[in-house]
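*Asks:* next input, structure requested:
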Amino acid sequence: MYGTEKVSEDAERTAFRRAEKKYKLYYEDTFKSSKKKKQPKPVDLSEVLDFTAVLGLYKQNIQLPLGISALQCGFNGPVFCLENRPGFYFIPGALSVEEQCQWIRESLSSFPQPPNRTNHNAIYGPIDDLFVAAKEKKVLVEESSVPSLDSGANVCVGNGGSHRWKFCEGHLATSSRKTSKPVSAQVLLRKLRWSTLGLQFDWSKRNYDVSLPHNKIPETLCQLAKRLAAPAMPVGEEFQPEAAIVNYFGLGDTLGGHLDDMEADWSKPIVSMSLGCKAIFLLGGKSREDSPLAMFLRSGDAVLMAGEARECFHGVPRIFTDNENAEIAPLELQFSHEDDCSFLEYIRTSRININIRQVF
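*Replies:* All right, here's what the predicted structure looks like:
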């Protein structure tokens with residue numbers, strides 16, 4: 001799903017792929033012997049739609065750009081629609097700064113907790129308290145043995161048999177009986193790419209596996225999703241959150257163009273909330289040959305995709321982690337307590353996206 005997948009020559013020629021390459025992070029060519037920090041290549045952002053600017057026009061009663069309309073749906077501000085993408089809704093600043101910080105905390109400390117699955121499950125099995133272990137600078141060590149009841153270890157059964165994984169203090173890792181090199185919890189946290197809430201999605205089979213153990217989506221998140229989904233819902237119906245995927249982006253990470261097509265009823269929206277560093281979102285058409293529209297996603301923004309918009313290719317080719325463009329100053333002010341230092345350190349160079357779905 002992320003930007004490491006190989007792309008065919010034909011795909012390179014599509015309009016969507018060209019847009020992805022236009023906004024992707026590239027670095028200036030430098031000599032290998034240079035000790036200077038790599039410098040990002042400049043990127044032309046003049047064609048990126050900025051809904052914060054559109055909101056400013058709306059508040060001043062100035063005519064909106066062609067093809068953009070506004071709805072009043074009971075929020076503090078308007079919901080914007082694109083006339084050529086029916087079923088797409090953009091809610092700038094949908095979440096307060098306090099709500100953003102709340103869901104950043106949950107996304108790092110609670111959402112990756114078992115039985116929720118993450119991209120680490122395939123190698124390490126379920127990992128408990130990853131964020132706490134990273135905060136305490138612990139390391140994950142592997143011991144190949146029969147699982148015991150006294151270790152409190154994570155047990156992963158793979159092709160090589162049973163392996164126990166457990167966090168320990170860094171200085172103890174070298175003396176621990178292990179079969180693989182210890183891995184830092186901080187590294188694992190930075191390599192966290194997704195976690196799934198509610199009904200669990202099987203990435204290998206590309207469907208929801210209702211047999212997998214899972215907890216219901218937290219009620220507070222359900223209520224928030226229902227409120228945000230209202231503008232995109234069929235008349236008289238209420239959104240039923242049944243599954244969510246949390247994506248974690250670091251510097252250079254991308255989310256390639258794709259469709260979210262595994263849910264039964266596309267008339268129900270996907271509710272997508274952005275947290276942390278600013279990103280570019282590409283919204284294409286029903287073919288990769290359709291030129292996509294690029295727009296900024298900022299922390300607190302929400303996007304709804306329902307109906308025809310569910311058939312549109314979309315992706316994230318870029319996040320901005322530099323001081324000038326990340327735009328997380330409000331979060332820095334809110335994360336001022338000593339206990340929040342680890343959350344702030346992470347989100348300064350990261351983006352989190354929570355997207356919530358009605359599966360059936």
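
*Asks:* make it CA atoms for all contacts and neighbour counts henceforth
*Replies:* Fine.

*Asks:* in the stretch 1-150 of the chain, which spans are strands?
*Replies:* For the stretch 1-150 of the chain, applying DSSP state E, counting those that start in this stretch gives strands covering 68-71, 79-82, 88-91, 138-143.

*Asks:* tell me which other helices or strands the third one touches.
*Replies:* So the one you mean is strand 88-91. strand 79-82, strand 302-305 (3 or more C-alpha pairs under 8 Å, 6 or more residues apart in numbering; DSSP states H and E).

*Asks:* packing partners of the first one?
*Replies:* Using 3+ C-alpha pairs under 8 Å, 6+ apart as the contact test, the elements touching strand 79-82 are strand 68-71, strand 88-91.

*Asks:* parallel or antiparallel, which strands does the last one pair with?
*Replies:* Read that as strand 88-91. Strand pairing for strand 88-91, determined by DSSP bridges: strand 79-82 (antiparallel), strand 302-305 (antiparallel).

*Asks:* what lies in contact with it?
*Replies:* 51, 77-82, 231-232, 301-306, 309 (C-alpha atoms under 8 Å, 6 or more residues apart in numbering).

*Asks:* quick one: buried residues of it?
*Replies:* For strand 88-91, the neighbour count (16 or more other C-alpha atoms under 10 Å) marks F88, Y89, F90, I91 as buried.

*Asks:* partners of the third one in the sheet?
*Replies:* Just to be clear, that refers to F90. Beta-bridge pairing of F90 under DSSP bridges involves F80, V303.

*Asks:* in the chain, where is pLDDT below threshold?
*Replies:* Applying pLDDT under 70 to the chain flags residues 1-12, 30-36, 143-163, 170-179.

*Asks:* nearest the geometric middle of it, what residue?
*Replies:* N247 (2.5 Å; C-alpha atoms, centre = their mean).

*Asks:* so it: helix, strand or coil?
*Replies:* strand (DSSP: H, G, I helix; E, B strand; the rest coil).

*Asks:* so what's the backbone phi/psi at the residue lying closest to it once chain neighbours are set aside?
*Replies:* What sits nearest to N247 in space, not counting adjacent residues and going by C-alpha to C-alpha, 6 or more residues apart in numbering, is W194, at 4.5 Å. Here is the backbone geometry of W194 (degrees, to the nearest 10): phi -160, psi 150.

*Asks:* what's near enough to touch W194?
*Replies:* T118, N119, I245, V246, N247, Y248.

*Asks:* dump the residue contacts of K135.
*Replies:* Here K135 is in contact with Q186, S342 (criterion: C-alpha under 8 Å, 6+ apart).

*Asks:* so which of the strands paired with strand 88-91 is the most packed in?
*Replies:* Stretch with highest mean neighbour count among the strands paired with strand 88-91: strand 302-305 (a mean of 25; mean count of other C-alpha atoms under 10 Å).

*Asks:* kindly check the end-to-end length of stretch 27-46 for me.
*Replies:* Start and end residues of stretch 27-46 are separated by 20 Å (C-alpha to C-alpha, to the nearest Å).

*Asks:* check whether L344 sits in a helix, strand or coil.
*Replies:* helix.

*Asks:* next, count neighbours for it.
*Replies:* 23 (other C-alpha atoms under 10 Å).

*Asks:* how far away is R105 from F111?
*Replies:* 9 Å.

*Asks:* could you do L197 as well?
*Replies:* Taking C-alpha to C-alpha as the measure, L197 falls 7 Å from F111.

*Asks:* show me where the stretch 251-360 of the chain has helices.
*Replies:* Applying DSSP state H, counting those that start in this stretch to the stretch 251-360 of the chain gives helices spanning 329-334, 341-347.

*Asks:* got a markdown table for those, with distance to K226 too?
*Replies:* Converted to a markdown table, those look like this (distance: least, C-alpha to C-alpha, whole Å):
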| stretch | distance to K226 |
| --- | --- |
| helix 329-334 | 24 |
| helix 341-347 | 26 |
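
*Asks:* so which of those is nearest F320?
*Replies:* helix 341-347 (11.5 Å; C-alpha to C-alpha).

*Asks:* who's in contact with that closest one?
*Replies:* Helix 341-347 is contacted from outside by I104, R105, L108, K135, G276, C277, L331, E332, F335, using C-alpha under 8 Å, 6+ apart.

*Asks:* can you pull the phi/psi pair for C73?
*Replies:* Taking degrees, to the nearest 10, you get phi -130, psi 30 for the backbone angles of C73.

*Asks:* that one touches F80, doesn't it?
*Replies:* No - counting by C-alpha atoms under 8 Å, C73 stays clear of F80, with 10.3 Å between them.

*Asks:* before we move on, the earlier item: make CSV from the contacts of W194 and add distance to K181 to it.
*Replies:* Below are the contacts of W194 laid out as CSV (distance: C-alpha to C-alpha, whole Å):
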residue, distance to K181
T118, 21
N119, 19
I245, 30
V246, 28
N247, 27
Y248, 25
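
*Asks:* can you tell me the SS state at T220?
*Replies:* Secondary structure for T220, judged by three-state DSSP, is helix.

*Asks:* to clarify, my last question referred to L189.
*Replies:* Judged by three-state DSSP, the three-state class of L189 is helix.
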